[in-house]
Structure formats: C-alpha cells, structure tokens
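Chemist: sequence unknown, structure follows:
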C-alpha cells in the first residue's frame, strides 16, 4: 500500500549527507533546500503534537488552553494578536499546541537527533518534509495565496490575511472536510527561534496525528531517515566542529552550560553497543556481553519527582496500581520528561495532573538513579512551594482521621492511569505509610528519601 513516508536507514556519514542535501532548486543555480527537517533522538518516537500527548479530545482541550493562555498572558502578549501569533508564542514557551516544530536547517535537525549522546541506547531520526508536496495538498484559498506571494511557506502575518483573527483555528478547516497540513514560520521572538531556523506545521484538525496524515498520502511527501545509534558519536563530533551546539541553539547561560557539560563530560562509550533483545512500546530490553539484562526507556531516560508540602504541613502523596508489582503503590507525584521539555516544566505539569495542585516555584533537591542494575532512568527531585488547588477542596476531599483523601481520580486515563491523591501530616507520614503497607500497598522508597531531605534542609 502506498504511503507518504519513505523510511531509509543510513550506514554512514556520506549517505546521510547525500540524503539531507539531495533536494534543492536547480533553476536558482544555488543550493536551496525544498524541505524542512525535524530531528529526534529516538527513531520510534511518533510524530505527534504536544497537545495530542496530553490525551483526551484535542479540539476541546486546545480551546481551553488558548483561552486560559490569553487570559493570564495579557502582559506579555498584545491582545491585538491573532490566535496564530498567540499560539506560536505559547508553543515557544511550552504550552501544548497542535503545532509541530521543524527547522529549515538539516544540521539543526541532526543536533536534536544526537543530543542524547553519550547516554543514547536508541537510533536517532531526521524527518525531511517536502514543502512543495505539502503545498499541493492545500485547499485553493491557501495555495493561491502562496502563489500570489511567490513563496512556499507562510508567516503568521500572511496566514492572518486568510484565516480571520476572530475564528482562526476553526475556520482553518476546509468546507469539503478534506484534511491538510500548513507550514509557516513563527515570529522571531528571540535568538533561539532565529538560531534554530524554526518552522512550524499545523493540521487543519488537531485530533489527527501528523504521522498518520503523512502515511495516508498516495505518494512520498516525507523521508524518515534513521540514524543507527553507533553513528551518533561520529555525527556528534562533526556537529561540534561545525559549532552546531547547545550554546548556539540555546543562546544564554543555560545553553552554554549544557554544551560544556556534554563536551567535557565522561568518555564516550564504545560505539558497538549491545543490540536490544526485545523492543517494546515504552522500553527496550538489552543483554550485555557478560549476559546481564537491563531495560532502557524508549522516549526518555530522565524523570522527576516532587516533594509537595501544603501550607498546613501536609505531604502530598499519590496512590495507584502498578503492574510490575501487581499492587497499589504509594508514591511521590512523578513523571518522565518528554523530549524537548525541561525538568521544571515536567514537574509542574505532573504535580497538577496527578494531584490537582499548581505551585509558584520549584527548588532542586537532588538527582540519581532509581534502580541502576535494572533500568537507565535518572530521577531529579524538586520541592514545590506556593501550592494552590485547582478545584474546590470542599467538594472533592474526604477526611480520614487527620489525613485528607481527594475524592477525584487524577492522571491520564488514555494511558490507563487512575491516581488517588492523599495529604498526610508530616509528623504522621511514617506511621501512615506503615498502615498502608500492612494493608497490602507497596511504598516507593523515594518518599523516605524526600522525608530525609525535607527534615535535613527545611526543618
């Protein structure tokens, strides 16, 4: 069956370079690419938007997120701006949107495909999307505008001329019901967008994943170029020599320190790493040369856990069923860091999703391995302060002795999460955990680590 995605696995740098620079404008007699690119450290990570990764109905969620963003961001975003401009700003600052990040530079994409080295256990990937082919899929009103402007990719200002500011996202849909993808360049809000040579894509309907839409094309409009993980070391060295590094793509001290940490970090491991003996949806199983078997997370090896203590000195804990131990487990609010986001953003997001609390600020406590003999996950622990419930505590809380139990279920139902939240007085936590253990629950050891740091650092 025909598909719009051509999958290619490269065996070396020469073939990779050939593929990335193969498509250009001969009539210009200059090397100008006809494609935009997207690099990911894991070739199995699907082309989905941050909005879709939240689960639920994307169209309804998008409306709510944009409404609240406009409401609270009025000091930073002029109200005369349209939804396109507002969402581009929001995307830049981490709001889940229907937009997908791309770059006009294949080298920028290669950086993001190899940014996890030397900790990588996965093949990388660069997606190369032909914007001429995408243009041909557009409805006439959009295609004619591009022809009139003699361009192949919109700016937000140009989109605003076609899609009215009052309706923006809803009026993007084609009356015929045909779905399409539009490419555009975000406003140059800061040096990061400029240096990353950024572009964005948006589908006419937010619920369809970009990868599914591309697969449905009758002819190839996109290449999925897979980079075997043993090539990442060579790739990383060449990019560093080109100055295609974190200090350039993330201008400022954060980018500089990220580059220094990697560039002067531990010796890179042997490129001939063990092959996985099993590939799953979320983890891979590896066997070392000595026969030791271990797991590696597919999408991210980094996670966060949050020590959240309310103003009345109650530690917030969660309770959920865990398949590996076949029991309910008492834990700190925690989660895995998605590619492209930060520890702090993940910590705030997981705290709200799993407990119904938002926080003003986060303080870094420590980080370390969870079970280094079994899995490659590294966890950072943060303390959250300035806690505020996002729902009416009088309607959804139950007092069990001196412990408060939330009467609502939290978590991502689409991923099978069913999380209960508890607020336990600090001076009663150890006794309460013992009660839960006697009732058959398993206790996450990170809670005791959190109590230790809390007692040692904050009183």
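Modeler: Received it, and whenever you're ready, just let me know what you need. Quantities reported herein were computed from a predicted structural model and do not represent experimental measurements.
Chemist: residue 89 in helix, strand or coil?
Modeler: Secondary structure assignment for residue 89 (DSSP: H, G, I helix; E, B strand; the rest coil): helix.
Chemist: against residue 62, how distant is it?
Modeler: To residue 62, residue 89 is 15 Å away according to CB to CB, to the nearest Å. Bear in mind the C-beta positions are built from the backbone N, C-alpha and C, glycine included.
Chemist: how about residue 92?
Modeler: For residue 92 relative to residue 62 (CB to CB), the value is 16 Å.
Chemist: now do residue 118
Modeler: 38 Å.
Chemist: can you check residue 234 too?
Modeler: 41 Å.
Chemist: who's more crowded, those two?
Modeler: residue 62 (22 against 15; other CB atoms under 10 Å).
Chemist: who touches the more buried one in this structure?
Modeler: 51, 97, 98, 169, 206 (CB atoms under 8 Å, 6 or more residues apart in numbering).
Chemist: for it, which three-state class applies?
Modeler: helix.
Chemist: quick one: the helices in the stretch 51-200 of the chain, in order.
Modeler: Using DSSP state H, counting those that start in this stretch, the helices assigned to the stretch 51-200 of the chain run over residues 58-72, 83-92, 106-113, 131-136, 140-149, 156-162, 168-171, 191-195.
Chemist: show me the one of those that comes nearest residue 307.
Modeler: helix 58-72 (25.9 Å; CB to CB).
Chemist: return the set of buried residues in that closest one.
Modeler: Neighbour-count burial for helix 58-72, counted by 16 or more other CB atoms under 10 Å, picks out 58, 61, 62, 65, 66, 69, 70.
Chemist: same check, this time on stretch 377-391
Modeler: For stretch 377-391, by 16+ other CB under 10 Å, it's 377, 378, 379, 380, 381, 382, 383, 384, 387.
Chemist: same list (the residues you listed) but as a markdown table, adding secondary structure.
Modeler: Shown next, in a markdown table, are these (three-state DSSP):
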| residue | secondary structure |
| --- | --- |
| 377 | coil |
| 378 | strand |
| 379 | strand |
| 380 | strand |
| 381 | strand |
| 382 | strand |
| 383 | strand |
| 384 | strand |
| 387 | coil |
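Chemist: which of the three states applies to residue 43?
Modeler: Assignment for residue 43 (three-state DSSP): coil.
Chemist: tell me who's in contact with it.
Modeler: Residue 43 sits in contact with 122, 123, 124, 125, 224, 226, 227, where contact means CB under 8 Å, 6+ apart.
Chemist: by neighbours, which of the residues you listed wins?
Modeler: Most crowded among the contacts of residue 43, counting by other CB under 10 Å, is residue 124 at 27 neighbours.
Chemist: how near is the nearest residue to it once chain neighbours are set aside to residue 37?
Modeler: Leaving aside its sequence neighbours, residue 124 sits nearest to residue 113 (CB to CB, 6 or more residues apart in numbering; 3.7 Å). According to CB to CB, residue 113 stands 9 Å off from residue 37.
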